[in-house]
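*Asks:* A structural model of the following input is requested.
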Amino acid sequence: MKLFVRLLLIVLSAYLLMLAAFFGMMLLPPARFAKAVSHVPEPLFAVLPLEQLWLLARTGHLKVGAVAPDFDLPTLDNSSRVRLSSFRGEKPVVLVFGSYT
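*Replies:* Below is the predicted model:
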């Protein structure tokens, strides 16, 4: 019985350590996270709650109705840059993150 409890504690400790490691990796920039995760054995993805960890790690600090943080991006033809704050008070802005393909 003592052996069983000891093994259970070892397995639980290893599981919690893996969860902490994945959570830490999810805080990295997306490109570094992808590179790190590419080396993880596939069976681990079946036993780790990755979706819940991802949502926890990537939850922002904005509240509904709060002003979005300012940023600027290049135009599609790279001829100039567009700043989000330049539209404030002039016209509505819709930000779409995703793909329609």
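*Asks:* any idea how far Leu12 is from Leu76?
*Replies:* 51 Å (CB to CB, to the nearest Å). In this view, the C-beta of every residue, glycine as well, is placed from N, C-alpha and C.
*Asks:* Which one's more surrounded, the two?
*Replies:* Neighbours per residue (other CB atoms under 10 Å) separate Leu12 from Leu76, with Leu12 holding more: 10 against 6.
*Asks:* quick one, phi psi at the more buried one?
*Replies:* Torsion angles at Leu12 (phi, psi; degrees, to the nearest 10) stand at phi -60, psi -40.
*Asks:* Secondary structure of Phe92: a strand, I assume?
*Replies:* Not quite, residue 92 is Pro, not Phe. No. Assignment of Pro92 by DSSP: H, G, I helix; E, B strand; the rest coil gives coil, placing it outside any strand.
*Asks:* Can you tell me which residue is spatially central in this structure?
*Replies:* Arg58 (4.1 Å; CA atoms, centre = their mean).
*Asks:* So it is in contact with Leu28, correct?
*Replies:* No. Under the criterion of CB atoms under 8 Å, Arg58 is not in contact with Leu28, lying 11.1 Å apart.
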